[in-house]
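Novice: any chance you could fold what I've pasted below:
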Amino acid sequence: MLLPPRITALRGIRLDDTPGLHDVLIHDDGLIGSIEPASDAPVGATEIDGRGLLALPGLVNAHAHVDKSWWGLPWQSYGGEGGTDGRIRHERARRDELGIPGVEVTRRVLAELVRHGTTGLRTHVDVDLGIGLRGIDVVREALADYGDALTSEIVAFPQDGVLRRPGTIELLAEAAAAGVEHIGGLDPAGIDRDPVGQLDAIMAIAADHGTGIDIHLHDGGELGTFQFDLILDRTESLGLQGRVTIAHGFAIAQTDAARRRDLLQRMAGLDVSMTTVAPLRLPQLPLHEFDAAGVRFAFGTDGIRDLWSPYGTGDLLGIAWQYARSAGLVRDEDLRRVVALAGAAASPFVGAETAGLAAGERADIVLIDAENAMDALVRTPPREVVIGGGHPVHRA
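Specialist: You can find the predicted model right below:
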């Protein structure tokens with residue numbers, strides 16, 4: 001794709017927390033210069049008419065798998081066995097025939113994410129003995145189309161396990177040396193059957209190379225909370241504070257309130273964060289408990305239309321809707337908080353300390369036909385315009 005040039009202003013938009021129409025002036029470095037009451041002057045050639053649409057900060061997809069989809073290919077019927085290990089085997093058996101990973105299909109996935117409002121992305125990319133680091137190269141090539149319009153980070157993800165596949169540790173170290181932002185892991189107990197061994201290995205790589213850790217933890221119940229403790233122990237001993245994310249982490253919503261309170265207190269002290277894809281039929285991360293403890297979490301779309309599941313649209317706001325609905329959140333303050341978690345509040349997950357619609361922040365903006373943030377969440381209307389770093393990357 002040819003990246004559109006930056007605009008100089010969004011004219012006549014509405015803000016969620018301020019009455020009236022406003023203009024967002026954008027500097028040539030892609031930052032917001034100022035937000036001012038709307039001018040009556042005609043819309044210029046390098047400006048976009050906001051048409052009174054609601055402006056929200058760009059969305060941050062903090063847990064994606066853009067390398068794994070069959071988006072744009074003929075329909076692929078669900079096959080293979082269930083469960084994490086069964087889906088791994090099915091994916092390994094069929095990915096080559098579908099050209100996974102491939103640059104073109106990754107481009108199609110990115111286009112879906114962007115047209116739904118994503119301007120910040122953390123994606124897991126498979127690293128294993130079958131494809132080596134090829135998936136990372138594929139994703140980087142596809143991401144390059146967006147230049148600085150899309151803020152992104154890559155997690156080197158050992159989808160097939162770590163210790164049970166000798167040579168994977170070395171591949172992860174190679175990925176770290178090649179500049180990925182995070183090293184991943186997968187169910188140290190459930191997949192590798194050696195939680196201490198897997199965590200020691202991947203967290204040592206992170207400590208040695210200065211990367212983050214972003215580990216898939218599906219193991220539930222006490223087995224899962226036990227691994228939370230192991231992760232927190234190593235975060236502290238290796239000095240990885242602020243660099244560790246636990247993805248999914250079903251166990252923390254399944255355990256009793258006292259145990260969860262202790263874990264959250266410890267996570268807050270070590271600045272360990274979480275991501276969730278708001279899974280159906282499972283308890284959701286408790287918003288008020290996380291906020292009270294000061295533990296950060298963000299949303300992700302997970303894989304979309306891949307060999308794990310035919311579901312997924314790439315709409316991060318839709319995941320936020322699913323979370324709010326499943327968690328029984330109905331009050332304005334909670335709905336507005338969920339929208340923030342889908343956007344500006346998730347900016348640290350893509351390496352930004354702050355974000356939002358304010359002077360000096362990146363011009364990552366979504367225009368949507370909604371009354372306010374709550375209305376945008378519960379209706380998830382189409383994104384009319386998406387601006388990434390000042391570039392209009394989508395216009396309906």
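Novice: from here on, just use CA atoms for contacts and neighbour counts.
Specialist: Fine.
Novice: quick one: contacts for residue 61?
Specialist: Taking C-alpha atoms under 8 Å, 6 or more residues apart in numbering as the contact definition, residue 61 lies against 118, 120, 121, 122, 298, 299, 300, 301, 316, 342.
Novice: over to residue 124?
Specialist: Contacts of residue 124 by C-alpha under 8 Å, 6+ apart are 63, 64, 65, 66, 154, 155, 156, 157, 184.
Novice: quick one on the thing from earlier: return the subset of the contacts of residue 61 lying in strands.
Specialist: Residues of the contacts of residue 61 located in strands (DSSP state E): 118, 120, 121, 122, 298, 299.
Novice: state the distance from the second one to residue 244.
Specialist: To residue 244, residue 120 is 18 Å away according to C-alpha to C-alpha, to the nearest Å.
Novice: and the pLDDT at residue 169?
Specialist: At residue 169, the model reports a pLDDT of 99.
Novice: I figured residue 46 hits residue 8, correct?
Specialist: Yes: under the criterion of C-alpha atoms under 8 Å, residue 46 makes contact with residue 8 at 5.7 Å.
Novice: count of residues packed around the nearest residue to residue 191 once chain neighbours are set aside?
Specialist: Of all residues not flanking residue 191 in the chain, residue 161 sits nearest, at 6.2 Å (C-alpha to C-alpha, 6 or more residues apart in numbering). Residue 161 sits with 24 neighbouring residues when counted by other C-alpha atoms under 10 Å.
Novice: contacts for the helix or strand of the chain with the lowest mean pLDDT?
Specialist: One helix or strand of the chain scores below all others by mean pLDDT, DSSP states H and E: helix 83-94, with a mean of 93. Here helix 83-94 makes contact (C-alpha under 8 Å, 6+ apart) with 79, 80, 81, 159, 160, 191, 307, 308.
Novice: can we see that at 7 Å?
Specialist: 80, 81, 160, 307, 308 (C-alpha atoms under 7 Å, 6 or more residues apart in numbering).
Novice: closest one of those residues to residue 202?
Specialist: residue 160 (14.1 Å; C-alpha to C-alpha).
Novice: quick one, what contacts that closest one?
Specialist: Residue 160 is in contact with 88, 128, counting by C-alpha under 7 Å, 6+ apart.
Novice: repeat that for residue 136.
Specialist: Going by C-alpha under 7 Å, 6+ apart, residue 136 touches residue 125.
Novice: for whichever strand or helix holds it, buried residues please.
Specialist: Residue 136 belongs to helix 134-144 when elements are defined using DSSP states H and E. Under the neighbour-count criterion of 16 or more other C-alpha atoms under 10 Å, helix 134-144 has 134, 135, 136, 138, 139, 140, 141, 142, 143 buried.
Novice: relative to helix 134-144, how tilted is the next helix or strand after that helix?
Specialist: Toward the C-terminus, helix 134-144 is succeeded by strand 151-157 as the next helix or strand (DSSP H and E). Interaxial angle, strand 151-157 versus helix 134-144 (axes from the mean of the first three to the mean of the last three C-alpha atoms, to 10 degrees): 170 degrees.
Novice: ok, and what's touching strand 151-157?
Specialist: 119-127, 172, 175, 180-185, 214, 350.
Novice: just the buried residues out of those residues, in ChimeraX syntax.
Specialist: Command for ChimeraX, covering only those of the contacts of strand 151-157 found buried under the criterion 16+ other C-alpha under 10 Å:
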select :119,120,121,122,123,124,125,126,127,172,175,180,181,182,183,184,185,214,350
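Novice: show me the contacts of strand 151-157 that map onto strands.
Specialist: Per DSSP E, the contacts of strand 151-157 map to strands at 119-126, 182-185, 214.
Novice: low pLDDT regions in the stretch 251-396 of the chain?
Specialist: In the prediction, the stretch 251-396 of the chain carries no residues with pLDDT under 70.
Novice: where does the stretch 51-200 of the chain have low pLDDT?
Specialist: For the stretch 51-200 of the chain, no range has pLDDT under 70.
Novice: could you rerun that using 90?
Specialist: 80-82 (pLDDT under 90).
Novice: wasn't residue 55 part of a strand?
Specialist: Yes: counting by DSSP: H, G, I helix; E, B strand; the rest coil, residue 55 falls inside a strand.
Novice: quick one: it and residue 18 touch, right?
Specialist: No: using C-alpha atoms under 7 Å, residue 55 is not in contact with residue 18, being 11.1 Å away.
Novice: neighbour-wise, which of these two wins?
Specialist: Taking residue 55 and residue 18 together and counting by other C-alpha under 10 Å, residue 55 has the greater number of neighbours (27 against 8).
Novice: quick one: which of the buried residues of helix 134-144 is nearest to residue 32?
Specialist: Using C-alpha to C-alpha, the buried residues of helix 134-144 come closest to residue 32 at residue 143, 23.1 Å.
Novice: if I look at that closest one, how far off is residue 35?
Specialist: Counting by C-alpha to C-alpha, the gap from residue 143 to residue 35 is 30 Å.
Novice: ditto for residue 296
Specialist: 28 Å.
Novice: tell me which of the two has more neighbours.
Specialist: Set side by side, residue 296 and residue 35 show more neighbours around residue 296, with 21 against 18, by other C-alpha under 10 Å.
Novice: ok so, going back, ok, the buried residues of helix 134-144 vs residue 108, which is closest?
Specialist: For the buried residues of helix 134-144, the nearest to residue 108 is residue 142 (9.2 Å; C-alpha to C-alpha).
Novice: looking at it, that closest one is touching residue 102, isn't it?
Specialist: No: between residue 142 and residue 102 there is no contact under C-alpha under 7 Å: 9.1 Å.
Novice: secondary structure class for the closest residue in space to residue 37 that isn't next to it in sequence?
Specialist: In space, and not counting its chain neighbours, residue 37 is closest to residue 22: 4.4 Å by C-alpha to C-alpha, 6+ apart. Counting by three-state DSSP, the backbone at residue 22 sits in strand.
Novice: what lies in contact with stretch 1-9?
Specialist: With C-alpha under 7 Å, 6+ apart, stretch 1-9 has contacts from 23-27, 46-48, 145-146, 390-393.
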